[in-house]
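[1] Okay, here's the prediction I keep looking at, along with the sequence it came from:
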Amino acid sequence: MKILVTGAAGFIGSHVARRLAGLGHEVVAVDDFSNGRAENVDPRAEFIEFDLADPAVADVLPKDVEIICHLAGQASGENSFYDPIGDLDANAASTLNLIRFGIHVNARRLIFSSSLSCYGDIGGKTAVESMTCRPRSCYAVSKLAAEAYLRVFSDRLPFVIFRLANVYGPGQNLENIRQGMISIYLVQALQTGRVQVKGALDRYRDFVEVGNVAEAFSAAVDTDRANGHTMNLALGEPTTVLQILEALKTEIPDMTWFVKGSTPGDVRGMKADAGRLKDILGFECTTRIEDGIGPFVDWARKQLSDTGTVDP
């Protein structure tokens, strides 16, 4: 199939594009390089540089795409407070433009990367898709707005919504110090040996390795079963900040940490129920933190040594 992958120069989008191209699909990659890098674009893909918040989407993108995998956007909850209008454009306006494009070209479906942050502070409960969402960051608001647009136009463009847990793994943007809890700690550990933790050590998150995310997107590409469904894309297990730090310390023994400050809109804990993902797609995320941290650290160490920001 001919598949449009947005954000294909970014962290998650590049993994999805690479997997789909490897499976023999014809991939059209789109990115505006606001966060992504040219070297992340799969050479097998046709590449278009374009800002999807521009309404002229239909004038730029090919008319014969069959599936849209939408992973472009602003991905930092903290940054969304500093530029909420830019966040809204990157996450909600871009999605609305792609919906209109998808209807225009009669696409089979749009697969959207949303976020567990849409749920807000659920007070220690497990996040299930039927919950009322009460977002606490501008980022979560924009993601939830994009979801609502998909539902409004679902009679003309089928959708699949994945609410992603905290994604980590090789390819993450190590220069963005406000996005990606594990990558933020990892960069500090490799560069200075001291990690600043903003918030309590007993906070917990549901983490998912980026390769598992790419597998889930390819599964949704291959079937109509998920059309119209919203699914948590998560491991389904809570991991505390302290457990993350201890896992990193097994790879970087000299690292230490200290607690100082907080992050706007932060919640104490987030764990998701991943049962719907298994029931509908027959897919489970299987990479646990203890298995995913090592390859991530190895990749990051090489990246930072290549740039001269850390000793090899």
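    Nice, thanks for sending it over.
[2] How far does stretch 49-66 stretch from one end to the other?
    20 Å (C-alpha to C-alpha, to the nearest Å).
[3] likewise stretch 255-264?
    Taking C-alpha to C-alpha, stretch 255-264 runs 26 Å from one end to the other.
[4] List the contacts of it.
    Identification of contacts with stretch 255-264 by C-beta atoms under 8 Å, 6 or more residues apart in numbering yields 77-78, 81, 137, 185, 189, 193-201, 245, 248-249. C-beta here means a position set from N, CA and C on the backbone, and glycine is covered the same way.
[5] Just give me how far that stretch sits from the chain centre.
    Distance of stretch 255-264 from its chain centroid, counting by C-alpha atoms, centre = their mean, to the nearest Å, is 23 Å.
[6] which residue sits closest to residue 115, ignoring its sequence neighbours?
    residue 143 (4.9 Å; C-beta to C-beta, 6 or more residues apart in numbering).
[7] can you pull the contacts of the one you found?
    Neighbouring residues of residue 143 by C-beta under 8 Å, 6+ apart: 73, 91-92, 114-115, 117-118, 135.
[8] closest to residue 223 among those residues?
    Looking at the contacts of residue 143 and their distance to residue 223, the nearest is residue 114, at 19.3 Å (C-beta to C-beta).
[9] quick revisit: tell me the spacing between the residue nearest to residue 115 and residue 130.
    Separation of residue 143 from residue 130 (C-beta to C-beta, to the nearest Å): 18 Å.
[10] Separate out the buried members of the contacts of stretch 255-264.
    Buried members of the contacts of stretch 255-264, counted by 16 or more other C-beta atoms under 10 Å: 77-78, 81, 137, 185, 189, 195, 197-199, 245, 248.
[11] TSV please, covering the residues you listed and showing pLDDT.
    What follows is the buried ones among the contacts of stretch 255-264, written out as TSV (pLDDT from 0 to 100):
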residue	pLDDT
77	76
78	75
81	87
137	91
185	95
189	95
195	96
197	94
198	91
199	90
245	96
248	96
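[12] Out of the residues you listed, which comes closest to residue 305?
    Checking the buried ones among the contacts of stretch 255-264 against residue 305 with C-beta to C-beta, the nearest one is residue 189 at 14.0 Å.
[13] Please consider this matter closed, and thank you.
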